[in-house]
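# Predicted model, plus sequence, below.
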Amino acid sequence: MWNGKKDLLSMDQLSREEIEAILHYAGRLESLSGKGSKLGICKGEILITAFFEPSTRTRISFETAMHTLGGDVQNFSESGSSMEKGETKEDTIRTLEQYCDTLVIRDGEPGSVARYASMVNIPVINGGDGVNEHPTQALYDMYTMWKSFGRLTNLKIAIIGGLKYYRPSNSLVTGLGKFEGNSIIGICPKGLELSDKFRNSSYSEMPIDMAKLNETLEKIKPDVVYVTRLKKEYMPSGEDPGKYFYKIDASTMRILPGHCIVLHPLPRTSEMSTEIDPDPRVVMFKQVRHSLQVRMAVLALFSGHEDGLKQI
Amino acid sequence: MWNGKKDLLSMDQLSREEIEAILHYAGRLESLSGKGSKLGICKGEILITAFFEPSTRTRISFETAMHTLGGDVQNFSESGSSMEKGETKEDTIRTLEQYCDTLVIRDGEPGSVARYASMVNIPVINGGDGVNEHPTQALYDMYTMWKSFGRLTNLKIAIIGGLKYYRPSNSLVTGLGKFEGNSIIGICPKGLELSDKFRNSSYSEMPIDMAKLNETLEKIKPDVVYVTRLKKEYMPSGEDPGKYFYKIDASTMRILPGHCIVLHPLPRTSEMSTEIDPDPRVVMFKQVRHSLQVRMAVLALFSGHEDGLKQI
Amino acid sequence: MWNGKKDLLSMDQLSREEIEAILHYAGRLESLSGKGSKLGICKGEILITAFFEPSTRTRISFETAMHTLGGDVQNFSESGSSMEKGETKEDTIRTLEQYCDTLVIRDGEPGSVARYASMVNIPVINGGDGVNEHPTQALYDMYTMWKSFGRLTNLKIAIIGGLKYYRPSNSLVTGLGKFEGNSIIGICPKGLELSDKFRNSSYSEMPIDMAKLNETLEKIKPDVVYVTRLKKEYMPSGEDPGKYFYKIDASTMRILPGHCIVLHPLPRTSEMSTEIDPDPRVVMFKQVRHSLQVRMAVLALFSGHEDGLKQI
């Protein structure tokens, strides 16, 4: 129980103060740990990651986080499990509860992780529930911005892509909306706008022909560009694909301000050229690195180790 | 070597005293450990789980058990292994032997785990060998009964389902038969009776039309109802499926005595309604929890830590 | 950095002195550790194994090695990862870098592991790169010879099989070529000769009709027979398969000298009869066991613990 919360299910449930507490905890872990020094904060505890959808970063960073906190990790995946004999996800989750101290769950169905959390007595972290939310993603996106700018207020953030079906942007808009003075601008193809339920007063939207992305960014002069994955399956057939296709490349980088950082939650496909990876403003692998400290902080806090750092 | 036994292959190999020793060891572990306190009994040891058939509980509970005992765990599965290049299971097992201190093996072929055990010098635990045995399942089933009744004698246990092809009931009938005064009643569709080799003097059988399950249970007044999974593939076509189909639901619970507990080794499919899950007599997730302590005890004893608890 | 080397990519990069240092480190670990005693040399460190091709021994022995050295391990495999969403191997490797201290990578493309290593700042161990190299395999093959003969010089080694497409022999010929007085004889079907780039002055070759394998070995009187896997897919259709097919069996063992040892990197298929497994000259499972100590030594040295054994 952290501030009366058993689970981390959405950004909406966190106050600004709680987000700051998580990011500060992460910051102290980052300064303490390095990769090689194992902390004993979760010694003797077991994390199970139960992923019903593919993952690279979320699963492995939670595993590294738990190992670095001194705990052990086990993976559950459908393949090779009793779900092949017809066991439901509900019975599976209630079984896993018996074997661990904390669960990280990813599932394709929006709201499912909250439902699983209500069935068990241990902390559940939402590792992504369909097109709904991915709160720890937003937390480390915000940590990366905080490390770059020293603040999470009064920033101009451009979020680019097909926002309608993309959970990291849902969580990020919600989280950034809790800090004053931010201007969050969704730049998306018409028809793929952010869902109404995730909008707030800091958010505005520019549904555009994506072929005009560069000139749009040139006008906005953002502090942060947040690129999301191009999901080609959402481009309707029979329409000009140029309306949906977008790519951040060297031409985009020439337009962006010198202080602007470019984030991507990864995986990327064609929407971000590898030619820009050497540009110091492109910080997506730093962002990956930050997922570790932020998820360590989330695990430590939600498993009851608010005072964990005092022991060190 | 525990009492001269290298491996745990069947319930038949265990005496009543040995079963009691395992359950008492589990009981002491349960009182000591809780989920969060890691024990050092198997510190520095490595368990490999080699599963050639699907599993949720068996694999993950052995992993949690080894982690809680202070050891490390590695998984082997066929997928992604050199078995894709034509390596035999025998060469695979002899290879894994070189990398661990204890092996838990599940295989579809009856008797195969005993054969693998004979090939290696380290302890091998049978995690289920086809339609033959699943001894650690029976041990934690019995642990659950022992925790409920304070004894494993003079109990009336109804085992329900298609017993012919179900390994947990084979092991359970064998184990309970070693304790005096028990009346084990197999309730099964005609044609799916318990195999002769697993019968003993405590066992009797009522092959029935499964549509009459409730009235049969009403007459028996069991202390324990042990529900097994309905395997639809064993219902012969061209016959009335009602003879094979069975379901424990609220109507069954109304019939059962107030002190009767209902167990299920899981996974369940349609044979047990989720509507009865809140009934305190339905203890299958407690049973899951007990799999942890019992498998810790098995690992500790068979890897030579009979005195492990004295160190604590 | 060990002797200025970040990564272990090929046998060619190692001097004779460095090979000896690895084998001596392995020898000291073997005398110290046993299976059950966990060493703290890599305490707090995390190894990720990223295998894009099947493996049993390489992956699991590296895992056991890291656990025995006191570190933690995580697996990456394509299945269930974001590569299913289109992420490239390059982005995957750069992501994994953020979560671990050392990477072991296997990939089907020759030279790929060196390319991945150049992209990251942590040590990368080549766990096999297509038909190119498998340096840690050669190191434990050599360790096994060294343990049997007390030397790696003045040995006559017959390497049998379709050498053209087999990476362990590439690495082994390269490694043995660095020690004086060795006579390495490749015995292979015509058309499957060792690639030119892996030949050295110690190496000679006898492309033969493989049906004459026994009489060829009888003439050679080798100290070591190194059997490689028969890859049936390389037997051209329309030709006599006897030219390509070979099998080491009891008849071969009768021909070989009493002091000759028989190695196989495994997995084996039909090229080596299980009937010869009990012959004490057949040491392939000892070889498997040695993979553990040698990979412990490689991990310890390449992750900067050259002095690790002094702490004990």
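All right, it came through fine.
# so who does residue A:192 touch?
By Cβ atoms under 8 Å, 6 or more residues apart in numbering or on different chains, the residues touching residue A:192 are A:161, A:162, A:163, A:164, A:165, A:207, A:234, A:244. C-beta coordinates here come from the backbone N, C-alpha and C atoms, glycine included.
# Show me these that map onto strands.
Counting by DSSP state E, the part of these found in strands is residue A:207.
# quick one: least confident of the contacts of residue A:192?
Ranked by pLDDT, the contacts of residue A:192 bottom out at residue A:234 (72).
# need the contact list for it.
Residue A:234 sits next to A:162, A:164, A:165, A:192, A:244 when contact means Cβ under 8 Å, 6+ apart.
# With distance to residue C:123 as extra columns, can I get those residues in a markdown table?
Formatted as a markdown table, the contacts of residue A:234 follow (distance: Cβ to Cβ, whole Å):
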| residue | distance to residue C:123 |
| --- | --- |
| A:162 | 39 |
| A:164 | 43 |
| A:165 | 39 |
| A:192 | 43 |
| A:244 | 42 |
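# Pull out the buried members of these.
Buried members of the contacts of residue A:234, scored by 16 or more other Cβ atoms under 10 Å in any protein chain shown, are A:162, A:164, A:165, A:192, A:244.
# What is the nearest of those to chain B?
The nearest member of those to chain B, counting by Cβ to the nearest Cβ, is residue A:165 at 30.3 Å.
# Let me see the contact set for that closest one.
Going by Cβ under 8 Å, 6+ apart, residue A:165 touches A:131, A:192, A:231, A:234.
# can you check residue A:255 too?
So residue A:255 contacts A:214, A:217, A:218 (Cβ under 8 Å, 6+ apart).
# Let me know the closest of these to residue A:238.
Residue A:238 lies nearest to residue A:214 out of the contacts of residue A:255, by Cβ to Cβ, at 26.2 Å.
# Report the secondary structure element holding that closest one.
helix A:213-220 (DSSP states H and E).
# can you map out the strands along chain A?
With DSSP E as the criterion, chain A has strands spanning A:46-51, A:72-77, A:102-107, A:124-129, A:156-160, A:183-188, A:203-207, A:224-227, A:261-263.
# what does the stretch 201-312 of chain A have sitting close to chain C?
A:229, A:266, A:267, A:268, A:269, A:274, A:285, A:288, A:289, A:291, A:292 (Cβ under 8 Å from any Cβ of the partner chain).
# Mind doing that once more with 7 Å?
Residues of the stretch 201-312 of chain A lying close to chain C (Cβ under 7 Å from any Cβ of the partner chain) are A:266, A:267, A:268, A:269, A:285, A:288, A:289, A:292.
# Is the last one in contact with residue A:60, as I believe?
No - using Cβ atoms under 7 Å, residue A:292 and residue A:60 do not qualify as a contacting pair, with a distance of 9.5 Å.
# And the two? Which one has more around it.
residue A:60 (27 against 24; other Cβ atoms under 10 Å in any protein chain shown).
# residues contacting the more buried one?
Neighbour list for residue A:60: C:74, C:76, C:96, C:99 [criterion: Cβ atoms under 7 Å, 6 or more residues apart in numbering or on different chains].
# Tell me where the model's unsure across chain A.
Within chain A, the set of residues satisfying pLDDT under 70 comprises A:33-37, A:311-312.
# wait, what's in contact with residue A:149?
By Cβ under 7 Å, 6+ apart, the residues touching residue A:149 are A:155, A:223.
# Quick check: nearest residue in space to the residue nearest the centre of chain A, chain neighbours excluded?
With distances taken as Cα atoms, centre = their mean, residue A:137 lies nearest the centre of chain A, 1.1 Å away. Closest residue to residue A:137 apart from its sequence neighbours, by Cβ to Cβ, 6 or more residues apart in numbering or on different chains: residue A:168 at 4.6 Å.
# can you tell me how far the nearest residue to residue A:30 once chain neighbours are set aside sits from chain C?
Leaving aside its sequence neighbours, residue A:30 sits nearest to residue A:293 (Cβ to Cβ, 6+ apart; 4.4 Å). Counting by Cβ to the nearest Cβ, to the nearest Å, the gap from residue A:293 to chain C is 11 Å.
# Tell me, how many residues neighbour the residue of the stretch 101-250 of chain A found nearest chain B?
Using Cβ to the nearest Cβ, residue A:101 is the residue of the stretch 101-250 of chain A that sits closest to chain B, at 5.5 Å. Residue A:101 has 23 neighbours, counted by other Cβ under 10 Å.
# ranges for the helices of the stretch 51-200 of chain A?
For the stretch 51-200 of chain A, the helices defined by DSSP state H, counting those that start in this stretch occupy A:57-68, A:89-97, A:112-119, A:135-149, A:167-176.
# could I get the ones you listed as TSV with distance to residue B:154?
Below are the helices of the stretch 51-200 of chain A laid out as TSV (distance: least, Cβ to Cβ, whole Å):
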stretch	distance to residue B:154
helix A:57-68	46
helix A:89-97	31
helix A:112-119	36
helix A:135-149	53
helix A:167-176	57
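# how far away is residue A:21 from chain C?
Taken as Cβ to the nearest Cβ, the span from residue A:21 to chain C is 24 Å.
# which residues sit in contact with that residue?
Residues near residue A:21 by Cβ under 7 Å, 6+ apart: none.
# residues in contact with residue A:98?
Counting by Cβ under 7 Å, 6+ apart, residue A:98 has contacts B:285, B:288, B:289, B:292.
# From these, list the ones also adjacent to chain A.
Near chain A, judged by Cβ under 7 Å from any Cβ, the entries from the contacts of residue A:98 are B:285, B:288, B:289, B:292.
# Which among these count as buried?
Among those, those scoring as buried are B:285, B:288, B:289, B:292 (criterion: 16+ other Cβ under 10 Å).
# So which residues of the stretch 201-312 of chain A form helices?
A:213-220, A:250-255, A:284-302.
# name the helices or strands packed onto the first one?
The reference is to helix A:213-220. In terms of contacts (3 or more Cβ pairs under 7 Å, 6 or more residues apart in numbering or on different chains; DSSP states H and E), helix A:213-220 is packed against strand A:156-160, strand A:183-188, helix A:250-255.
# most neighbours per residue, which of the ones you listed?
Ranked by mean neighbour count, the helices and strands packed on helix A:213-220 are led by strand A:156-160 with a mean of 25 (mean count of other Cβ atoms under 10 Å in any protein chain shown).
# Contacts for that one next, please.
Taking Cβ under 7 Å, 6+ apart as the rule, strand A:156-160 contacts A:169, A:172, A:176, A:182-187, A:213, A:217, A:220, A:222-228, A:246.
# hang on, isn't the residue of the stretch 101-250 of chain A closest to chain B packed against residue A:120?
No - using Cβ under 7 Å, residue A:101 is not in contact with residue A:120; the gap is 11.3 Å.
# residues near the closest residue to residue A:176 other than its chain neighbours, how many?
Among residues not flanking residue A:176 along the chain, residue A:182 sits closest, at 5.1 Å (Cβ to Cβ, 6+ apart). Burial measure for residue A:182: 24 neighbouring residues, criterion other Cβ under 10 Å.
# now stretch A:111-122: how far from the chain's centre is it?
Stretch A:111-122 sits 19 Å away from the centroid of its parent chain (Cα atoms, centre = their mean, to the nearest Å).
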